[in-house]
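**Student:** the sequence and its predicted three-dimensional model are supplied below.
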Amino acid sequence: MDSDRARGVLLGLACGDALGRPVEFKSASAISTEHGRLDEMVGEGTWNQPAGTITDDTEQALCIVRSLVELQEFDPADIARRFVAWYDTEPFDIGGMTARSLSRLKHGDAWDEAGRHVWEQSREGQNAGNGSVMRCPPLAVPYASDWDRLAAVSRQSSQITHADPRCTYGCAILNLTIAGLLENTDAPLQAALDDVDSDAPDELVTALEPVARGETPSPLETSGYVVHSLQTALHDSLVADSAEEAIVTAVNRGGDTDTIGAIAGAVAGARFGASQLPERWLSAINEVREIKSLASQLTSLS
């Protein structure tokens, strides 16, 4: 495995997250009015945080990485405990389904019960958010050559907080795509869709098939709905000519900018490598040293 591209998964995720954080929930026109075309880490914004601030996207991804590195294997119960410990720090940004699931975990639900209970109690339109796909890409690194295992652990990682099949299979498809890039698979998204075959929800597969063919669906939505987030982020990251272009394009679309940016960044990092991420972005992120160290350790697990 190309270690530069493996590190790019984590660092690209963090860059997309941090670039998108200050303009989260703003429209594309509002971003254009304020920034022209946002391509620099800026401070304040929606969350009134310093430039280069990561959000729950990267913070939860780091919970997964730390667990993998320390235990040398995937352990969903351990990851759930780390999510709860992070939740107890009162993070400034956390999704609704994630917060409800982690609260249930804290009060006694097992790792594979909390997300299911929250999902069953949520109505359509509020039951398939992007809160698990944004954090799952690190799993693609150690399991890149074992697609059956990767698909299984990706779905399980989602079930901790997001049990809807659109979320669980969304994580599997995203991570299989990243694994395909790391393993130099031809047409990695199509290979991922072929791998999950008829098991994945039709709505998810139908949205991603045009992207796999190299087409541009219209419109590309930027809501927090998992199908929208995956379609847009995968499109922008697979057609771009550079990692920077992929992330900047995704973030400047507006909407759920940190998460769509994080997903696009992880995929673009796998395509182009950490060395192709702008140094001006990396130097603005306080956690970048730890991310680099963990990424190297994670690569060794593969």
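**Tutor:** Nice, thanks for sending it over.

**Student:** who are the neighbours in contact with Met97?
**Tutor:** Residues near Met97 by C-beta atoms under 8 Å, 6 or more residues apart in numbering: Gly115, Val118, Trp119, Ser122, Gln126, Asn127, Gly129, Gly131, Thr161, His162. (Glycine included, C-beta is placed from N, CA and C.)

**Student:** now those residues: which count as buried?
**Tutor:** Those of the contacts of Met97 that meet the buried threshold are Gly115, Val118, Trp119, Ser122, Asn127, Gly129, Gly131, Thr161, His162, by 16 or more other C-beta atoms under 10 Å.

**Student:** which among those gets closest to Asn48?
**Tutor:** When the buried ones among the contacts of Met97 are compared for distance to Asn48 (C-beta to C-beta), Gly131 wins out at 21.8 Å.

**Student:** which one is that closest one nearest to, not counting chain neighbours?
**Tutor:** Counting by C-beta to C-beta, 6 or more residues apart in numbering, the nearest residue to Gly131 once its immediate chain neighbours are dropped is Gly95, at 4.0 Å.

**Student:** helices - which of the buried ones among the contacts of Met97 land there?
**Tutor:** Secondary structure defined by DSSP state H assigns Gly115, Val118, Trp119 of the buried ones among the contacts of Met97 to helices.

**Student:** how far away is the spatially most central residue of the chain from Ala264?
**Tutor:** For the chain, the residue lying nearest the average C-alpha position, counting by C-alpha atoms, centre = their mean, turns out to be Met134 (2.3 Å). From Met134 across to Ala264, the span is 11 Å (C-beta to C-beta, to the nearest Å).

**Student:** again with Glu59
**Tutor:** 18 Å.

**Student:** the two: who's more crowded?
**Tutor:** Neighbour count, other C-beta atoms under 10 Å: between Glu59 and Ala264, Ala264 has more, with 33 against 19.

**Student:** so that one is in which element?
**Tutor:** Using DSSP states H and E, Ala264 sits in helix 257-272.

**Student:** what helices and strands are in contact with that helix?
**Tutor:** helix 3-20, helix 56-71, helix 165-182, helix 226-239, helix 243-251 (3 or more C-beta pairs under 8 Å, 6 or more residues apart in numbering; DSSP states H and E).

**Student:** would TSV of those with distance to Glu215 be doable?
**Tutor:** Formatted as TSV, the entries for the helices and strands packed on helix 257-272 read as follows, by distance: least, C-beta to C-beta, whole Å:
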stretch	distance to Glu215
helix 3-20	23
helix 56-71	27
helix 165-182	16
helix 226-239	9
helix 243-251	16
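
**Student:** out of the ones you listed, which one sits most buried?
**Tutor:** For the helices and strands packed on helix 257-272, the stretch with the most neighbours on average is helix 3-20, a mean of 29; neighbours defined as mean count of other C-beta atoms under 10 Å.

**Student:** gap between it and the chain center?
**Tutor:** With C-alpha atoms, centre = their mean, to the nearest Å as the basis, the distance from the averaged C-alpha position of helix 3-20 to the chain average is 10 Å.

**Student:** report the rounded mean pLDDT for it.
**Tutor:** Confidence for helix 3-20, expressed as mean pLDDT, is 97.

**Student:** dump it to CSV, restricted to CA.
**Tutor:** The C-alpha coordinates for helix 3-20 follow below in CSV (Å, rounded to 0.1, in the frame of the first residue of the first chain):
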residue,chain,number,x,y,z
SER,A,3,1.7,5.0,2.6
ASP,A,4,1.4,8.6,1.3
ARG,A,5,-2.1,7.9,0.0
ALA,A,6,-3.1,5.9,3.2
ARG,A,7,-2.0,9.0,5.3
GLY,A,8,-4.0,11.1,2.9
VAL,A,9,-7.2,9.5,4.0
LEU,A,10,-7.0,10.9,7.5
LEU,A,11,-5.3,14.1,6.6
GLY,A,12,-7.7,14.8,3.7
LEU,A,13,-10.7,14.2,6.0
ALA,A,14,-9.3,16.7,8.6
CYS,A,15,-8.6,19.3,5.9
GLY,A,16,-12.1,19.1,4.4
ASP,A,17,-13.6,19.2,7.9
ALA,A,18,-11.6,22.3,9.0
LEU,A,19,-12.1,24.1,5.7
GLY,A,20,-15.8,23.6,5.8
